[in-house]
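Undergrad: 3D model of this:
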Amino acid sequence: MITNFFIPELNNHDVQELWFQQDGATCHTARATIDLLKDTFGDRLISRFGPVNWPPRSCDLTPLEYFLWGYVKSLVYADKPQTLDHLEDNIRRVVADIRPQMLEKVNENWTSRLDYIRASRGSHIPEIIFKM
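TA: Purely as a prediction, here's the structure:
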């Protein structure tokens, strides 16, 4: 996917200052994957074994992790899809129905989390912060 879709798609846009961030999941940190991402992003890679190490226990900082995946998953599996086609249809429908206003709220929440962490000088977030 990275080689056949992601990097060619990046080449269609001006992304010279783009940073790439991924968590430390084993499937994301295979040597070949990290090498490919380093070749593509250089020092602008945030990942386990990357130039900028993924902060431990930081999923509460990533909007995809603290909100979007759970939201999408709850809707995709609501009718218990029994076939791959049904699952794919659900994924397409749910993602297509995500409104820009929701993503704006998610971004505002993310900014609040970062402000909290800056103010606490990087300490652990003691409670879950959600604002909708």
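Undergrad: where's D85 relative to I98, distance?
TA: 21 Å (Cβ to Cβ, to the nearest Å). C-beta here means a position set from N, CA and C on the backbone, and glycine is covered the same way.
Undergrad: remind me, longest helix of this protein?
TA: helix 100-119 (DSSP state H).
Undergrad: Please name the nearest non-neighbouring residue to R44.
TA: Closest residue to R44 apart from its sequence neighbours, by Cβ to Cβ, 6 or more residues apart in numbering: W19 at 4.4 Å.
Undergrad: show me the contacts for the one you found.
TA: The contact partners of W19, by Cβ atoms under 8 Å, 6 or more residues apart in numbering, come to F41, R44, L45, I46.
Undergrad: Tell me which of these has the lowest pLDDT.
TA: Lowest in pLDDT among the contacts of W19 is I46, which has 85.
Undergrad: Would you quantify the distance from the residue in the chain sticking out farthest from the centre to V95?
TA: In the chain, counting by Cα atoms, centre = their mean, Q82 sits farthest out from the average C-alpha position, at 26.9 Å. Applying Cβ to Cβ, the value for Q82 to V95 is 20 Å.
Undergrad: now do R48
TA: Look at R48 and V95: by Cβ to Cβ, they are 27 Å apart.
Undergrad: Who has more neighbours out of the two?
TA: R48 (16 against 12; other Cβ atoms under 10 Å).
Undergrad: Quick check on the closest residue in space to that one that isn't next to it in sequence: phi, psi?
TA: With sequence-adjacent residues excluded and distances taken as Cβ to Cβ, 6+ apart, R48 is closest to G24, at 3.4 Å. Main-chain torsions, G24, degrees, to the nearest 10: phi -90, psi 20.
Undergrad: which stretches of the chain form helices?
TA: Under DSSP H, the chain gives helices at 7-11, 31-41, 63, 69-76, 84-96, 100-119.
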